[in-house]
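A.B. asks: Please work out how this folds:
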Amino acid sequence: MSANGPPLAPDPPRVFVVDDEAAVRTAVARLLRSMGIEVALFGSPAEFIAAYDPDAPGCLLLDVAMPGLSGLQLQGVLARRGGALPIIFLSGQADVPISVQAMKAGAADFLTKPVAAEVLLAAVRAAFDKDRLARLARAEAAEFGARLASLTPREREVLTHVVAGRLNKQIAGDLGTVEQTVKIHRARVMTKMKVTSVADLVRLVERMRTGTTA
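C.D. replies: Sure, this is the predicted structure:
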């Protein structure tokens, strides 16, 4: 929440276009902007890296063959930095080995120039969805980690037993304590994990284990 009012609206997703051909950048920008999509243009990977903000939502539309760093090399640089932007590759030719390499490295799509407008727009929207879900999952995981970190070692033990379906009496026997103490720890676990039922607690833990979102 800002100091002077309600929380600021999140930044809209943007397509970061990296292509050494000015004509391609212009054409892509014109098409995407006509659909209300925000665009940022870069003439080289180095130019993009200098301005790169890992917190900026959207996707990267990346040419494969460029002077200096290639698109694949930029993909590698971003991966080593922990970059999570979905990447759509654009290639001047249908190069199967390169496309396979790009997709294996996590690319969202691989398109061949000239690309039809509807194909490019569909790829961008899919990449936006992928980025949104990934950011949601990361935020949820961070929140879960913070809640988990607030538990004492004994509360974590109780959490493990509760999720495993153990009853208070059984947990007390396992931990060598009395049932009333387990009840107290269990109530604190529910409060700190911000759930109101055991079913909710189990679902929360399972989502974190599988990496899925609500």
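
A.B. asks: from the chain's centre, how far out does the helix-or-strand element of the chain with minimal mean pLDDT sit?
C.D. replies: Sorting the helices and strands of the chain by mean pLDDT, DSSP states H and E puts helix 96-104 at the bottom, at a mean of 84. From the chain centre to the centre of helix 96-104 is a distance of 22 Å (CA atoms, centre = their mean, to the nearest Å).

A.B. asks: in it, what counts as buried?
C.D. replies: Residues of helix 96-104 classed as buried: Ile98, Ser99, Ala102 (neighbour count, 16 or more other CB atoms under 10 Å). Heads up, the C-betas are built off the backbone N, CA and C, glycines and all.

A.B. asks: Now the residues you listed in CSV, please, with extra columns for distance to Pro45.
C.D. replies: Formatted as CSV, those follow (distance: CB to CB, whole Å):
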residue, distance to Pro45
Ile98, 16
Ser99, 19
Ala102, 14
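
A.B. asks: Tell me the one of the residues you listed nearest Leu60?
C.D. replies: Leu60 lies nearest to Ala102 out of the buried residues of helix 96-104, by CB to CB, at 11.8 Å.

A.B. asks: re earlier: who does the helix or strand just after the least confident helix or strand of the chain touch, helix- and strand-wise?
C.D. replies: Going down the chain from helix 96-104, the next helix or strand is strand 109-112, by DSSP states H and E. Under the contact criterion of 3 or more CB pairs under 8 Å, 6 or more residues apart in numbering; DSSP states H and E, strand 109-112 touches strand 87-91, helix 96-104, helix 117-149.

A.B. asks: among the ones you listed, which gets the worst mean confidence?
C.D. replies: The minimum mean pLDDT among the helices and strands packed on strand 109-112 belongs to helix 96-104 (a mean of 84).

A.B. asks: can you list the weak-confidence ranges in the protein?
C.D. replies: Within the chain, the stretches with pLDDT under 70 are 1-10, 94, 211-214.

A.B. asks: nearest spatial neighbour of the residue nearest the centre of the chain, skipping sequence neighbours?
C.D. replies: In the chain, the C-alpha nearest the mean C-alpha coordinate belongs to Ala134, at 2.3 Å (CA atoms, centre = their mean). Once flanking residues are discounted, Ala134 sits nearest to Ala84: 5.9 Å by CB to CB, 6 or more residues apart in numbering.
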